[in-house]
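# predicted model follows, preceded by the sequence.
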Amino acid sequence: MHDCQQVAEYIPGICHHMFASEELDLPSASYMSRQIDVNEKMRGILVDWIIEVHLKFKLLPETLFLTVS
């Protein structure tokens, strides 16, 4: 709170903006029904492979979540 570089007075506004934009960027619940190239089983296999690659390269968790999304 006392570090002037942390600009603590902006935290509530920043969090409000992030939560509001997160709702706009959620993936569509009907995405898989519109997807013609990949079915649910194939997506599961692809996500497993992405997790293996993520672990091999020791990437940040955010990278995995954004990739799967």
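Okay, I see it. Here the structure is a predicted model, which means the values were calculated and not measured.
# please compute how far the helix or strand containing Met32 lies from its chain's middle.
Element membership for Met32 (DSSP states H and E) is helix 31-34. Helix 31-34 has its C-alpha centroid displaced from the chain centroid by 19 Å (CA atoms, centre = their mean, to the nearest Å).
# residues in contact with the helix or strand of the chain with the lowest mean pLDDT: which ones?
The weakest-scoring helix or strand in the chain, judged by mean pLDDT, DSSP states H and E, is helix 31-34 (a mean of 87). With CB atoms under 8 Å, 6 or more residues apart in numbering as the test, helix 31-34 has contacts from Ser28, Asn39, Glu40, Arg43. (C-beta placed from N, C-alpha, C; glycine too.)
# make it 10 Å
Residues outside helix 31-34 that contact it (CB atoms under 10 Å, 6 or more residues apart in numbering): Ser28, Val38, Asn39, Glu40, Arg43.
# quick one: least confident of those?
In terms of pLDDT, Ser28 ranks lowest among the contacts of helix 31-34, with 85.
# one step back: pull out the buried positions in the helix holding Met32.
By neighbour count on 16 or more other CB atoms under 10 Å, the buried set for helix 31-34 is empty.
# work out for me the element Val47 sits within.
Val47 is part of helix 40-56, with elements assigned from DSSP H and E.
# picking up where we left off before, and the two most separated of the contacts of helix 31-34?
Using CB to CB, the contacts of helix 31-34 span at most 16.4 Å, a distance reached by Ser28 and Asn39.
# fine by me, we can end here.
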